[in-house]
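Peer 1: Here is a sequence together with a model predicted from it:
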Amino acid sequence: MRVAVSGGAGFIGSHLVDALTARGDEVLIIDDLSSGVRTNLPSACRFQQEDIRSGLTLALLREWRPDAICHLAAQMSVSRSVREPLFDASVNIIGSLNMLEAAREMGSRFIFSSTGGALYGNANILPTAEDHPTWPLSPYGVSKLSFEHYLHCYQSEHDLSYAALRYANVYGPRQNPHGEAGVVAIFCRAMLAGQAPVIHGSGTHTRDYVYVSDVVNANLAALDSMEIGHFNVGSGRQTTVNELFSLLSHRLGVTVAATHGPERRGEQVTSALDSSLIGRRLGWKANVDLEQGLSLTVDWFRSRAGGEGQPPLPQTSA
Ligand code: NAD
């Protein structure tokens with residue numbers, strides 16, 4: 001299969017590219033390297049450094065004619081979306097529409113990396129299923145939800161085949177510890193450097209953490225199916241930031257205390273996703289539990305801190 005992956009130099013995208021090339025798919029990566037890094041890119045793939053909003057991206061896709069597009073490139077910081085909603089919309093709506101137009105012209109299946117955490121707002125049912133009302137609390141959640149509506153519209157107007165995957169909080173090796181999102185990576189880096197991580201607010205906010213190889217498997221399952229719709233991809237388990245901090249302290253064997261900073265705007269209080277729909281329709285389930293995933297992630301960050309190269313990623317199946 002010919003698969004175009006936007007955001008393929010990023011955290012989740014690069015793991016997806018590895019999985020696609022390992023199973024023999026032909027891959028084109030489009031990434032502007034705004035947060036992704038060249039070292040994540042496998043040498044066997046075609047790579048184009050380009051903005052998803054540009055006409056060149058559309059021209060490239062027209063020329064390459066992918067069977068499917070996995071669209072991961074995004075402005076993905078909730079805080080930045082609150083500060084710069086126009087920028088967030090330009091990348092997450094206009095840029096995504098550029099990719100979608102290519103899919104419409106080529107008849108490509110479209111797999112969209114959406115969000116579960118930021119879409120449902122402060123849900124009154126936890127874990128939250130796809131039919132729960134969506135009231136995002138941040139421009140990031142609004143832009144992701146808006147694009148899901150475009151997908152639905154293109155499906156009914158143009159017969160577009162698509163799956164929108166609503167991820168919980170994804171974590172694992174290669175996550176950028178220097179950004180504003182990715183609490184596991186940020187905590188690992190700080191604690192390995194002997195610094196006290198900052199917990200925003202009281203630390204009693206809950207999140208659903210899903211390991212990156214499980215998210216890759218959800219993409220593969222969506223690519224291999226013709227099922228259309230919106231699917232949660234999470235563990236269903238709520239973990240507070242304070243619990244996460246103590247699990248990581250234990251695994252890292254460090255005793256630094258966290259400091260507490262102000263709450264961040266646009267963040268919801270609780271989040272956990274009910275992923276039974278994707279289980280029934282695509283046969284997906286999370287295979288890596290939080291304890292196992294944190295161990296694998298800690299090993300990777302530790303090896304990076306020691307400059308010893310990267311440990312192997314776990315082999316899991318959907
Ligand atoms: P990431 O920042 O590591 O990857 C995003 C990639 O997109 C980067 O390589 C970046 O350089 C590229 N990119 C950004 N803007 C671009 C543009 N205008 N043109 C071309 N390339 C551009 O983030 P990630 O964690 O791998 O997230 C991937 C996707 O998953 C995003 O769509 C994000 O919204 C979604 N998601 C992530 C999480 C999570 O917890 N990490 C949760 C829910 C949804």
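Peer 2: Nice, I can see it.
Peer 1: all strands for the stretch 1-150 of the chain, in order.
Peer 2: Counting by DSSP state E, counting those that start in this stretch, the stretch 1-150 of the chain has strands at residues 2-6, 26-31, 46-49, 68-71, 109-115.
Peer 1: Which parts of the stretch 151-300 of the chain are helices?
Peer 2: For the stretch 151-300 of the chain, the helices defined by DSSP state H, counting those that start in this stretch cover 183-192, 212-223, 241-252, 276-282, 290-305.
Peer 1: Dump the longest one to PDB, keeping only the CA atoms.
Peer 2: Going back to what we said before, that points to helix 290-305. What follows is helix 290-305 as a C-alpha-only set of coordinates in PDB (Å, rounded to 0.1, in the frame of the first residue of the first chain):
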ATOM      1  CA  LEU A 290       0.600   2.000  32.200                       C
ATOM      2  CA  GLU A 291       3.200   0.300  34.400                       C
ATOM      3  CA  GLN A 292       4.700  -1.600  31.500                       C
ATOM      4  CA  GLY A 293       4.600   1.400  29.200                       C
ATOM      5  CA  LEU A 294       6.200   3.700  31.800                       C
ATOM      6  CA  SER A 295       9.000   1.200  32.300                       C
ATOM      7  CA  LEU A 296       9.700   1.100  28.500                       C
ATOM      8  CA  THR A 297       9.600   4.900  28.300                       C
ATOM      9  CA  VAL A 298      11.900   5.400  31.300                       C
ATOM     10  CA  ASP A 299      14.400   2.900  29.900                       C
ATOM     11  CA  TRP A 300      14.400   4.900  26.700                       C
ATOM     12  CA  PHE A 301      14.800   8.300  28.300                       C
ATOM     13  CA  ARG A 302      17.500   6.900  30.600                       C
ATOM     14  CA  SER A 303      19.500   5.500  27.700                       C
ATOM     15  CA  ARG A 304      19.300   8.800  25.900                       C
ATOM     16  CA  ALA A 305      20.400  10.600  29.000                       C
END
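Peer 1: which bits of the stretch 51-200 of the chain sit near the ligand?
Peer 2: Neighbours of the ligand within the stretch 51-200 of the chain, by CB under 6 Å from any ligand atom: 51-53, 72-74, 76, 91, 95, 113, 115, 167, 169-170, 176. Backbone N, C-alpha and C define where each C-beta goes, glycine included.
Peer 1: Quick check: mean pLDDT of stretch 211-227?
Peer 2: Mean per-residue pLDDT for stretch 211-227: 98.
Peer 1: Please compute how far it lies from its chain's middle.
Peer 2: How far stretch 211-227 lies from its chain's middle: 12 Å, per CA atoms, centre = their mean, to the nearest Å.
Peer 1: does it come close to the ligand?
Peer 2: No. Between stretch 211-227 and the ligand, judged by CB under 6 Å from any ligand atom, nothing touches; the nearest distance is 8.0 Å.
Peer 1: List the buried residues for that stretch?
Peer 2: 211-223, 227 (16 or more other CB atoms under 10 Å).
Peer 1: still on that earlier bit, could you export the strands of the stretch 1-150 of the chain as CSV, including mean pLDDT, distance to A286 and mean neighbour count?
Peer 2: Converted to CSV, these look like this (pLDDT from 0 to 100; distance: least, CB to CB, whole Å; neighbours: other CB atoms under 10 Å):
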stretch, mean pLDDT, distance to A286, mean neighbour count
strand 2-6, 98, 22, 25
strand 26-31, 98, 25, 24
strand 46-49, 97, 30, 15
strand 68-71, 98, 19, 27
strand 109-115, 98, 16, 25
